[in-house]
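Student: What would the 3D arrangement of this be:
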Amino acid sequence: MEVAFLNLKKAYAELKRDLDHLWQDLHNDGAYILGSRLGNFEKEFSEYLGVKHVIGVANGLDALTLSLNALGIGAGDEVIVPAHTFIASWLAISESGAIPVPVEVNMKGYLLDTSKIEAAITKRTRAIMPVHLYGRVGDMSKISALAQKYHLKVIEDAAQAHGAFESISNRKAGTFGDTACFSFYPGKNLGCFGDGGCVTTNDDEIAQRVRLLRNYGSKVRYEHEVKGKNSRLDDLQAGVLSIKLKYLENWNARRRKIAEIYLKELLGVGDLILPADEPGHVWHIFSVLTAQREKLKAFLTAAGIGVIIHYPKPIYRQLAYQNTLAAKMRFQNTDKICSEVLSLPMGPHLEIEEALFCVQTIKTFFK
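Tutor: Numbers count the residues shown, from 1 in each chain. Okay, here's the model as predicted:
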């Protein structure tokens, strides 16, 4: 049996009628950039999240960078960020001219360890960037309290947390920070047919600045108030997202069913460390830890099962950051995660039989 890590073809097949109609309608009216479909999606997603403003941009990295720019964070400023995350979180800080200050993650959910944040705060710290990694919301109550205590901004990286929520407050990812940033890369829980992203905020002034910055610094054509950039979510992608948004809750529930199978069937198997299950987790990724990662990966690949490593090398060990202070830092938990993590097939179109095949193959390996 061949099991894809994520089957995007099945996602298209389920929505084919609506998506094909969108394609025809888009060409019939010829509105491709900053049209009504973008405005409609921004409104729909803001209502879904319970946030005042959603501003569609070209991708998740731009969403983070534009947020930093809109908040006035730049050269010489420091931004606290998890040591373990996708590199986009760090790149946005670097692109803004600020300095990423990595802080260790916990082993429960591989999220920013709130007990270690305060020690990393200096006179130059301007913001905290928690990352809701793999579909799990960070401890936003503690992060918000620290930000308030030290007068810091909070920029949520919610690129992997569409529909995730904090169980205590019942608030969705993307509603806690001064801004929050989503990616709509095709593989996300809510993904389009290319690159896409958005910034969310409850602050009218910040929203106005992001809208200005995403469109060449212009509100009126050929009049430019600031040095902006071209970072607009196009109307095709916005239309796709409007269609998919209607299915997000259902598709997240289907992801949860697969996760429940893995959690039940793989408990106590070999040396596997399974992810903690919490309400509000939307299972963007189902990752396990094992000291036999490379052998297990090869075994599963040979059996036709698609697996991915998120992420094999810490950012502070990457060549891109070797001339920074971060290169001299080491984080025990992050090093362990990067050396042992393995992501199993996960998605709303993964069949139960396919999940059980993955389980049985893993059990066979450890026997």
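Student: Give the residue spans of the chain that score low on pLDDT.
Tutor: For the chain, not a single residue meets the criterion pLDDT under 70.
Student: any chance you could map the helices in it?
Tutor: Ranges of helices in the chain, per DSSP state H, are 8-29, 36-49, 60-70, 88-95, 117-120, 140-150, 204-214, 235-245, 248-265, 293-302, 332-340, 352-366.
Student: most tightly surrounded among the ones you listed?
Tutor: Most buried of these, by mean neighbour count (mean count of other Cβ atoms under 10 Å): helix 60-70, with a mean of 27. Quick note: C-beta positions are derived from backbone N, CA and C, even for glycine.
Student: how far off helix 204-214 does that one point, in degrees?
Tutor: Using axes from the mean of the first three to the mean of the last three Cα atoms, to 10 degrees, the inter-axis angle of helix 60-70 relative to helix 204-214 is 120 degrees.
Student: Which residue lies nearest the spatial centre of this structure?
Tutor: In the chain, the centroid-proximal residue (Cα atoms, centre = their mean) is residue 159; its distance is 2.0 Å.
Student: Looks like that residue contacts residue 174 (just checking).
Tutor: No. Residue 159 is not in contact with residue 174 according to Cβ atoms under 8 Å; the separation is 10.2 Å.
Student: Can I get the helices of the chain in a markdown table including distance to residue 101?
Tutor: Below are these laid out as a markdown table (distance: least, Cβ to Cβ, whole Å):
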| stretch | distance to residue 101 |
| --- | --- |
| helix 8-29 | 36 |
| helix 36-49 | 28 |
| helix 60-70 | 14 |
| helix 88-95 | 9 |
| helix 117-120 | 5 |
| helix 140-150 | 13 |
| helix 204-214 | 22 |
| helix 235-245 | 33 |
| helix 248-265 | 32 |
| helix 293-302 | 29 |
| helix 332-340 | 14 |
| helix 352-366 | 38 |
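Student: could you list every residue that touches residue 362?
Tutor: 266, 269-270, 272, 296, 300 (Cβ atoms under 8 Å, 6 or more residues apart in numbering).
Student: Residue 82 too?
Tutor: 89, 102-103, 105, 111-112, 129-131, 133.
Student: How about it: what's its closest non-neighbour residue?
Tutor: Counting by Cβ to Cβ, 6 or more residues apart in numbering, the nearest residue to residue 82 once its immediate chain neighbours are dropped is residue 112, at 4.6 Å.
Student: how much space between the one you found and residue 168?
Tutor: Residue 112 is 17 Å from residue 168, where distance means Cβ to Cβ, to the nearest Å.
Student: For residue 46, see how far away the residue nearest to residue 82 is.
Tutor: For residue 112 relative to residue 46 (Cβ to Cβ), the value is 26 Å.
Student: Now the terminal residues of stretch 229-239, how far apart.
Tutor: 23 Å (Cα to Cα, to the nearest Å).
Student: How about residues contacting it?
Tutor: Stretch 229-239 is touched from outside by 22-23, 25-26, 31-38, 40-42, 56-59, 62, 66, 184, 192-194, 196-198, 213-216, with contacts defined as Cβ under 8 Å, 6+ apart.
Student: repeat that for 6 Å
Tutor: If you take Cβ atoms under 6 Å, 6 or more residues apart in numbering as the criterion, stretch 229-239 is touched by 22, 26, 31-33, 35, 37-38, 41, 56-58, 62, 192, 196, 214.
Student: gap between stretch 1-19 and the chain center?
Tutor: 21 Å (Cα atoms, centre = their mean, to the nearest Å).
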